[in-house]
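Trainee: Below is the sequence, then the predicted model.
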Amino acid sequence: MHPEMSLVILTVFSTAGQGIFIFLVVMNSIVPESLSGSYIITAALASILFQFIGMGASFFHLGNPMKGWKAIMMWRNSWLSREVISLSAFVGAASLYLIIYITEMNKSILDIVGYAGIIMSIGFLIASSMVYASIGYIKEWANAFTPATFISLGLTCGAAFALAGFYLSCHHSEIYPKINLLLIAMTIFSFILKAMAYRFNANVYTSLSVSNAIGINDKHIKLMDRGTPYAHYNTKEYFHPITEDQSSIQKNLIMIVTFLIPLLIWMLIGLLLNINSHGAAFLAISGACVMLLGLLMERRFFFIQGNHFQNLYYGNYKKSSIDNPLVR
Amino acid sequence: MPEAKRHKDGHMLSDGEDIKYTTCYMCACRCGVKVTIKDGNIRYIQGNPDHPTNQGVICAKGSSGIMKQFSPARITKPLLRKQNSERGDAEFEEISWKEAMDILVKRLKKIRSEDPKKLAFFTGRDQMQALTSYWAKQFGTPNFAAHGGFCSVNMATGLIYSIGGTCWEFGGADFDRTKYMLLMGVAEDHDSNPLKLGISRMRDRGGKLVVVNPVRSGYGAIADEWVPIRPGTDGLFLMAIINVLLKHGLYDSDFLINYTNAAYLINIEEGNEEEGMPYLIPEWEMDETQNTIWDQKSNSVKEAHSDGVKPALVGTYKDKELNKLKPAMQLLIERVMEEYTPEKASVICGIPADQIERIAIEIGMTARNETISLPIPWTDAWGREHKTTTGNPVSIHAMRGLAAHSNGFQTVRSLGVLMMLLGIVDRPGGFRYKPPFPRPVPPCPKPINSPDQIKPNTPLPAPELGFPSMPEHLMVDEEGNPLRIDKAFSWEFPFTAHGMLQNVITNAYKGDPYFIDTLILFMANMSWNSTMNTSGVMEMLKERDKNGLYRIPFIVVSDAFFSEQVAFADLVLPDTTYLERYDVISLLDRPICDYDKPADAIRQPIIEPKGECRPFQQTLLDLANALSLQGFCGDDGVPLYRTYEEFITQWEPTPGAGIGFLSGWRGKDGMSHMVGEPNPDQWEAYKKNKSFFEFELEDSIKYNRTINQGYLNWAQANRLKRLNEPVIMQFYSEVMQRFRLAAKGLRKGRQPDTEARRQRILKYFDPLPFWYEPIEHAQTDKQKYPLHAITQRPMPMYHSWDSQNAWLRQIIGQNFLYINPDTAAALGVNDLDWIWVESKLNKIRVQAKFSQALQPDTVWTWNGIGKMAGAWNLDPEADEAKKAFLLNHCITEELDYVDGKKISNSDPISGQAAWFDLRVRITKANEEGHWPEFKPLNPLPHMEPRPEVLRYGFIRGEKS
Amino acid sequence: MSQYALVIDLDKCVGCHACAVNCKAWNTGGQYGPLTDKAPYGARPEGVWFNRVQTYEVGKFPNTEVVYLPKSCMHCKDAPCVKVCPTSASYKRREDGIVLINYDDCIGCKYCSWACPYGVREFDTYDGVMKKCTLCVDRIYNDNLPADERKPACVLACPTKARIFGDIDDPSTDAFKLIRERMGYKLLPEAATEPSNYYLPKRKYKIQLNMDDILVRKHLKVETEVKVLPFTGTIAEDIASP
């Protein structure tokens, strides 16, 4: 599939932002004394900002952004509709959370709104990933790894930012090393999940070939002409030219940037540094940003890896005996 | 709803909507189209359901006709090449029509008063040759032709000199009855939609379709069997089929005896002027000379076609003077049985012998066993009444795969002989003529034949083109040298019925046979895809003599779009598109007839011409009037017709002839058809009848029209034929034997004057078909150039020559050189590699594509995709300019002749350009870049800029 | 329930692209147009087409078949594009099964096209909406047109009549009958969308030759002497053979 940046940004920033929020709410309900007010405001704002970055990007994806609101119509059928609704609801909940906190209303209302936001967020994480996982014609997407990695990576990245925020807010607490450990655990978990996803995708098997696509049973079928030779929507939207070598380089790079470098950083912080130092805060922010960057790469490659059935017709299906004609 | 708003075809017209019927001109097929107009713009073009040609369907080209009106390459003003600019640079100043006409008239007046043949007037896929040729004839120049010589004239002449009709769009298969069809050398070709409609009906009925073609594409895709033949060997394949048919006795004796001259006795005594000529009963024994047969009942020579005889087709006989006589059939048998066996053919054609044999037997047995009998009585030319009309359901349609070779005429002759053997000409289930065919073999018109007939300020006494039937009809001077600039009707190319467009520029450049002054080109892209040796021809157009003057001094081009040819013009006359003008598709020219229905058609303006565009028809008439050409003007020089519309309805070949360009609704009251006085309201009558006219023949005169007396009488009465005599098909070509006798020096009258000409005639003018290796192959080192290279025209672009249509170019923008993977592997070439294609003449850099649907010794590509950068106002970086290519650069227009002289690369009989004879070699191209490279053309200042987005019609919201 | 659809006869399709271009001509000026062309005379023209004809080669020389495959919206009975549309702009009509897009509701999210296994939805970047074959819904119910022209433009145009339009669920239609008689098949049934367009496979006519039959001279007569051809023929009494 064509890796459209607007969708990459949407999925990465919205899920990461929700990770931040989830951490905020959970921590604020369990260990509110550990959190500074500035941290809570900053984290809630960051979470909302991330949503707006994602939503803003998604507008560039739409052909008619002004009509985008109509996307809420079909929540009964469409994961995309649910995604839009849950995202809007989440932004509403997060904003309310922030307002309640600032206006210093009742703490239990704050928690209720917070947990409601988490429910929206979970709804969103599921809907957003199901948008992709429900496309049965892209075997690389239509599996449990898609929601699992979307959720896991989003939460991990959110946790990374949350930790960075803790360090920044410089409010000493013995909870920090525990969070650091949790983050390391989450990163390792996500790493394993993603590695498994890549392994799964490398072995995705479809017996389909151009023979099924055109309904003619023969081993030797060659596409001679696509009907119109120039690139058009159906040859661009579903296909991104990439070689096997480039593909494995990208995968390795993604694993390093998204997981290994941040992991090193968390370990460095936990083992070597005074957690309460500026150095730790700087490293924590760097780690979160590196992970965000890695996530953008990961999501972009997620699209590239998606191999749509309709490519069978245009000679773009990667696991097919079809001879690949000119790639424009 | 008000009834007034309903079009009579049932279409309810909304506000601002209108329906007009006209004739398509996106290719040469001439389909009827229905055009919906909305608010003065074209909304939709569809097929006319009532039209005999397309019966409501329409092809990709016709569907995209509207894009002609959107093209930014439209020329809308007369243009004069800027002084001091070079030809090919496309630098023009805009001038007025008055200035343009003044320049042209002054020039033409001078030519006409001094030496009219200094004007050469050549047209492309011109559908008004009746007018253009008449104009040239009245001007007095023999140098006129359309593009037939470059196109498929072998197919026309080869069959017309055999059966008096041909495939092309002049005849076709009886698709509703045929049970076996051989489609030979037909990619997309004449005729387009009727062939598709017919094959479709045949698929449903269940006839076998066999496609003989080096390439499987188009019709080949739906064929039951594909015969991947080597290019240039179709004649051999046909002769081998004839061999098998003769071997098994699978031929129709009755047909051969009654319809053809196969049973005629041929005098085979050598050394006198009767040698190889039909043995005649002399005039003193009969009222007139008569052909003869050997009657097996009386064992004596009898008058052909006489009653009560049993003619022999085989054997050797002697007359009273002991002259040895053989039926023509016997001569064919002697030729074919040893020399043309399937085994021998197999080696050269690349087709297994058993496949040839099987196909031959399938054809022969289908013809023999599946006979059709229709309850239609008819009477033949000898007064014999037939209770039924019978036929053998095999048909053959062939086009340029057979034609575009230097052995094409004789190949098509063998096709004609095969059709006669099978008895499948103009009978149910077989090949059917379309009126005005069948014509005599050969047809009557003869070209001028003497230099004395070309006189200043005088029309030619005979046409520029025709059908010679003896050396005296050749257009040569006392020394035997050609009179025409293209050397048509010379000893070298005697039967050039369509002229030789392909040699005009080369000959005019060389001054061989003479220099000309002005070249007028209409619809012919001679500096690009309608020529061989394209790069060479472009140089010739630019070449100056030692006085600094162009060797071809003045070139006039009439075109509606900025073609490559326009760039080489000195004067450009902006033409209209087919949607902007009146036109006729006349029975005098290339009509739209169905087998059973003489028909003709018109075009009418659907929308206003753009800018100052003017129909070339009107320009011709204006020129004729300004030059006071007889026929267009009275004896006093006063113009008889002001407008083209007037000319069409009022002109008659001779005053009072009762025929003209249009055959429907003639007579003062508009009630006469076919023949009648001119009717000034004829245009309106056509418009009322959806722009066409058709006349259905009675059942009894639909078939067997060569010898159907009812038809012959009807055709004579309606001026389709001069005489009502039967047309005897030339199984054995007496006409060709006359030329051969002249070459042997045995015939009185004109004889070839040089040894080379003598040898050429002797070799190629064989009265019976034979196969020889294409001339270019024989002159080429086949080890060095091991591959055949041919082209096909893609269906969505076939014969669509202009405008570079925005929709069609999205279907094909780059052509590849298709190559068999095994062949490529041996050359180290991979799929999609860039390669050199090199012929003896030139080399080009192209991209290869593997194809399994291809004879392995052949490579091929789509023709006419490559464009010169900037031409047609396309982006100079467009694929058409950067990746697509023209194979024409590699095709030589000249071959070696004798004494170091060159001769046209054409069929030595018909003058057909032999562009399928090309041989090439292929090497991997490590070099980058486009080759050959030409300087991109700059858009003309007055042309519209290329739009970024093309959209129109019902557009929502603010974007409307 | 009706289901209008196209039945495409691969035994007749010669790959002429008439359907594709006539579709463009009708629909560009029609209610569901225009089919915008970007850079129409540029280096990379990019136009919207509702129908494209692809070419495939099948098999190896000399047993190669060439297949032209015209492909447009299949108007699936279980249309995934409709189910995923977040705005209900894509919908399937109850009365005739035609899948349509309401451009006023389409937000241009392209999600429907992802859900289509056939690659027949075309995004018009100029209008920002998804477009596709409508089976010429603005023709087939158009009372202004003569009755026999109320067919999709591609069907009217097709020069080999390889396209048949009709209700594939109505046993009285040609479309229904042809699917059964000719064993019409669906493309990519694995995608489980129940496409409504059907394709009719190629037919091969063969002639069974009975070589003994050659000697049965039913119609084409042959002189007995032909067998001893070529160099002797019927010899008349008063002449000598050569």
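Mentor: Sure thing, it's come through.
Trainee: right, is stretch B:291-301 up against chain C?
Mentor: Yes. With Cβ under 8 Å from any Cβ of the partner chain as the criterion, chain C is reached by stretch B:291-301 at B:Trp294, B:Gln296, B:Asn299. C-beta: built from backbone N, CA, C; applies to glycine.
Trainee: residue in chain A nearest to chain C?
Mentor: A:Gly63 (1.9 Å; Cβ to the nearest Cβ).
Trainee: before we move on, the earlier item: which members of the residues of stretch B:291-301 next to chain C occur in strands, if any?
Mentor: B:Trp294 (DSSP state E).
Trainee: what would the residues of stretch B:291-301 next to chain C look like in JSON lines with pLDDT?
Mentor: Formatted as JSON lines, the residues of stretch B:291-301 next to chain C follow (pLDDT from 0 to 100):
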{"residue": "B:Trp294", "pLDDT": "93"}
{"residue": "B:Gln296", "pLDDT": "90"}
{"residue": "B:Asn299", "pLDDT": "87"}
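Trainee: Out of the residues of stretch B:291-301 next to chain C, who's the most crowded?
Mentor: Tallying neighbours with other Cβ atoms under 10 Å in any protein chain shown puts B:Trp294 at the head of the residues of stretch B:291-301 next to chain C, with 31 neighbours.
Trainee: what about residue 208, neighbour count?
Mentor: You didn't say which chain, so I picked chain A. Counted with other Cβ under 10 Å, A:Leu208 comes out at 19.
Trainee: Chain C was what I was after
Mentor: C:Gln208 is flanked by 6 other residues according to other Cβ under 10 Å.
Trainee: same thing with B:Glu288?
Mentor: Per other Cβ under 10 Å, the neighbour tally for B:Glu288 reads 8.
Trainee: part of a strand, is B:Ile812?
Mentor: No. When classified by DSSP: H, G, I helix; E, B strand; the rest coil, B:Ile812 is found to be coil rather than part of a strand.
Trainee: Got the confidence number for C:Ser241?
Mentor: Predicted confidence (pLDDT) for C:Ser241: 32.
Trainee: My error: substitute B:Pro468 in the last question.
Mentor: At B:Pro468, the model reports a pLDDT of 97.
Trainee: Can you show me the helices along the chain?
Mentor: I went with chain A, as the question did not name one. Taking DSSP state H as the test, the helices found in chain A are A:5-30, A:37-61, A:79-102, A:107-133, A:145-169, A:175-202, A:210-214, A:233-236, A:244-255, A:261-272, A:278-305, A:311-314.
Trainee: could you do chain C instead?
Mentor: In chain C, the helices defined using DSSP H lie at C:18-28, C:80-84, C:111-114, C:137-140, C:153-157, C:174-181.
Trainee: Tell me which of those sits nearest to chain B.
Mentor: Closest to chain B of these, according to Cβ to the nearest Cβ: helix C:18-28, at 3.8 Å.
Trainee: now the spatially closest residue to B:Glu880 that is not a sequence neighbour: how far from B:Gly813?
Mentor: Leaving aside its sequence neighbours, B:Glu880 sits nearest to B:Lys867 (Cβ to Cβ, 6 or more residues apart in numbering or on different chains; 4.0 Å). Distance of B:Lys867 to B:Gly813, given as Cβ to Cβ, to the nearest Å: 10 Å.
Trainee: what's the overlap in contacts for these two?
Mentor: With contacts defined as Cβ atoms under 8 Å, 6 or more residues apart in numbering or on different chains, the residues adjacent to both B:Lys867 and B:Gly813 are B:Ala878, B:Glu880, B:Ala884.
Trainee: quick check, nearest of these to B:Gln355?
Mentor: Using Cβ to Cβ, B:Ala884 comes nearest to B:Gln355 of the shared contacts of B:Lys867 and B:Gly813, at 35.6 Å.
Trainee: Just the element for that closest one, please.
Mentor: Using DSSP states H and E, B:Ala884 is not contained in any helix or strand.
Trainee: burial measure for it, as a count.
Mentor: B:Ala884: 22 surrounding residues under other Cβ under 10 Å.
Trainee: Test my guess that it contacts B:Met868.
Mentor: No. Taking Cβ atoms under 8 Å as the definition, B:Ala884 is not a contact partner of B:Met868, at 10.8 Å.
Trainee: and the residue of the stretch 401-550 of chain B found nearest chain A, how many neighbours does it have?
Mentor: The nearest approach of the stretch 401-550 of chain B to chain A comes at B:Asn529, 19.4 Å away (Cβ to the nearest Cβ). Using other Cβ under 10 Å, the number of residues around B:Asn529 comes to 21.
Trainee: How about the residues of the stretch 851-960 of chain B by chain A?
Mentor: Residues of the stretch 851-960 of chain B lying near chain A (Cβ under 8 Å from any Cβ): B:Ser851, B:Gln852, B:Asp879.
Trainee: Among the residues of stretch B:291-301 next to chain C, which one sits closest to chain C?
Mentor: Comparing these against chain C with Cβ to the nearest Cβ picks out B:Asn299 as the nearest, at 4.6 Å.
Trainee: Please report how far the closest one lies from B:Tyr952.
Mentor: B:Asn299 is 80 Å from B:Tyr952, by Cβ to Cβ.
Trainee: repeat for C:Lys151
Mentor: From C:Lys151 over to B:Tyr952 the distance is 24 Å, taken as Cβ to Cβ.
Trainee: Give me the more crowded residue out of these two.
Mentor: C:Lys151 (19 against 16).
Trainee: from what I can see that one touches C:Phe165, true?
Mentor: Yes. Using Cβ under 8 Å, C:Lys151 is in contact with C:Phe165, at 5.1 Å.
Trainee: what touches both of the two?
Mentor: Shared contacts of C:Lys151 and C:Phe165 (Cβ under 8 Å, 6+ apart): C:Ile140.
Trainee: hang on, the earlier thing: most neighbours per residue, which of the helices of chain C?
Mentor: Among the helices of chain C, helix C:18-28 has the highest mean neighbour count (mean count of other Cβ atoms under 10 Å in any protein chain shown), at a mean of 29.
Trainee: do it and chain A meet?
Mentor: Yes. Helix C:18-28 comes into contact with chain A (Cβ under 8 Å from any Cβ), by way of C:Ala20.
Trainee: returning to that earlier point: return the per-residue confidence for the residue of chain A closest to chain C.
Mentor: If you check A:Gly63, the pLDDT there is 92.
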